[in-house]
Structures are given as structure tokens and as C-alpha cells.
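# Build me a model from this:
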Amino acid sequence: MSFISAREHGAKPGSGGVASGQQEAIDRRERLRKLALETIDLAKDPYYMRNHLGQIECKLCLTLHPNEGNYLAHTQGKRHQQNLAKRAAREAAEKQAVPAPQKRGPLKKTVKIGRPGYRVTKQFDPTTRQRSLLFQVEYPEIEENTKPRYRFMSAYEQRVEPTDKNYM
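The predicted structure is shown next:
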């Protein structure tokens, strides 16, 4: 490229000629990325997430971005701003909709019997060829001769609903 043809396209002599459109776009993106990184801290952004492929995801908009510059451009864009506005409106509506918690009556005092230890064992009966689960619950702090409040029943023992063969 000669100096004359460079001048015809708007570049000064000796400046190296006109940058291509692609090179200008790369430079512009890099400038914007650096500027945005100075003002925005990605570590504090609640919607910024890097996935296992190294791409960046916006958790709010569910969009994928190949690099930080692209993500930062997205955060300034129309779609992200609209989603932020929608979320703020939804949270404001939920805040107004939630009434003040009503005071409850006195809580029922129940005796704590400690944390139960348990074992679950899979069993197989070779004669009937049935599988079963054996639940062994240990209550070391329970009083003697205390009746349990709940009992597991098979579908055939209970009389509240019609018997269902699928649940034994």
C-alpha cells in the first residue's frame, strides 16, 4: 500500500495505513473490557458463573459467554437489564404479599429422647425369594415400657384405604 492510497482512505502518511474493520472491533472490545473490569468486580456479581467448559454463564438470563468481555457487554445490554427489572418487581411484589407472621400459642412441651441411631439392612429370603428392608432404630435415652407413637404398617394391615397390592 502506498502513501497516496493510504491517504485516500483517511490515514495519515506514515501511520501504517487504515486498520481493518475486524482489527478495529477487536481493539474496541478490549478497550471496553478493560474499562468494565475497572468499574465492575466479577467476584461480587451474583449472576456470574464459570462452567466446567471455561465459558461464563449469566445465571439470571441463562446465557453463555465465551469470555469476560462478552459477559460484561451482556450485563450492560437490554436483555439483562430487563431481567433485572423483572426480578426487582417480583421481589417487591413478594415483599408486599407476605403478611406479618402471626403469634402462635404456647408450644407443646415434648420430652426429647435424644437422637436415634439407626441401621438399615437389605434382606433376601431365599425360600420366598422376596427382598425386604430391616430398620433397626436405637433410642438409648428412652424410658422403659414406653409405647411408640407411630407404627409402620403394610398395605394389608391398615384399614383406612382399600388394600393396594403395589404397596406391601
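
# Nearest spatial neighbour of the most centrally placed residue in the chain, chain-adjacent residues omitted?
The residue lying closest to the centre of the chain (C-alpha atoms, centre = their mean) is K59, at 7.9 Å. Among residues not flanking K59 along the chain, Y47 sits closest, at 4.6 Å (C-beta to C-beta, 6 or more residues apart in numbering). Where you see a C-beta, it was placed from the backbone N, CA and C, and this is true even at glycine.

# what number of residues lie near the one you found?
For Y47, the count of nearby residues is 20 (other C-beta atoms under 10 Å).

# surely it meets T63?
No. Using C-beta atoms under 8 Å, Y47 and T63 do not qualify as a contacting pair, with a distance of 9.8 Å.

# Could you check stretch 46-66 and say which residues are buried?
For stretch 46-66, burial by neighbour count (16 or more other C-beta atoms under 10 Å) applies to Y47, Y48, I56, E57, C58, L60, C61, T63, H65.

# all helices of this protein, in order?
3-8, 21-39, 68-75, 78-97 (DSSP state H).

# Just name the most buried of the ones you listed.
Most buried of these by mean neighbour count (mean count of other C-beta atoms under 10 Å) is helix 68-75; its value is a mean of 19.

# Kindly calculate the angle that that one makes with helix 78-97.
Relative orientation of helix 68-75 versus helix 78-97 (axes from the mean of the first three to the mean of the last three C-alpha atoms, to 10 degrees): 50 degrees.

# Report the rounded mean pLDDT for stretch 28-45.
What stretch 28-45 shows for mean pLDDT is 78.

# Adjust the sequence numbering to begin at 341 for everything that follows.
Fine by me, first position is 341 from now on; the one you just mentioned is stretch 368-385.

# Name the surrounding residues that touch that stretch.
Contacting residues not belonging to stretch 368-385 are listed as Y388, N407, E408, G409, Y411, L412, A413, T415, Q416 [C-beta atoms under 8 Å, 6 or more residues apart in numbering].

# and of the helices of the chain, who's closest to T467?
Nearest to T467 among the helices of the chain is helix 418-437 (58.6 Å), distances taken as C-beta to C-beta.

# Could you give the separation of the closest one from the chain centroid?
18 Å (C-alpha atoms, centre = their mean, to the nearest Å).

# How about stretch 492-508?
On C-alpha atoms, centre = their mean, the centre of stretch 492-508 falls 39 Å from the chain's centre.

# can you pull the alpha-carbon coordinates of it into CSV?
The C-alpha trace of stretch 492-508 is given here as CSV (Å, rounded to 0.1, in the frame of the first residue of the first chain):
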residue,chain,number,x,y,z
PHE,A,492,-45.1,-48.7,60.1
MET,A,493,-47.8,-50.9,58.6
SER,A,494,-48.1,-52.9,55.4
ALA,A,495,-50.9,-52.2,52.9
TYR,A,496,-52.7,-55.4,54.2
GLU,A,497,-52.6,-54.3,57.9
GLN,A,498,-54.2,-50.9,57.6
ARG,A,499,-58.0,-50.4,57.2
VAL,A,500,-58.1,-46.7,56.2
GLU,A,501,-57.8,-47.2,52.5
PRO,A,502,-58.6,-50.2,50.2
THR,A,503,-55.7,-52.7,50.0
ASP,A,504,-53.3,-51.9,47.2
LYS,A,505,-51.1,-54.9,46.0
ASN,A,506,-48.4,-52.5,44.7
TYR,A,507,-47.6,-51.4,48.3
MET,A,508,-46.9,-54.3,50.6
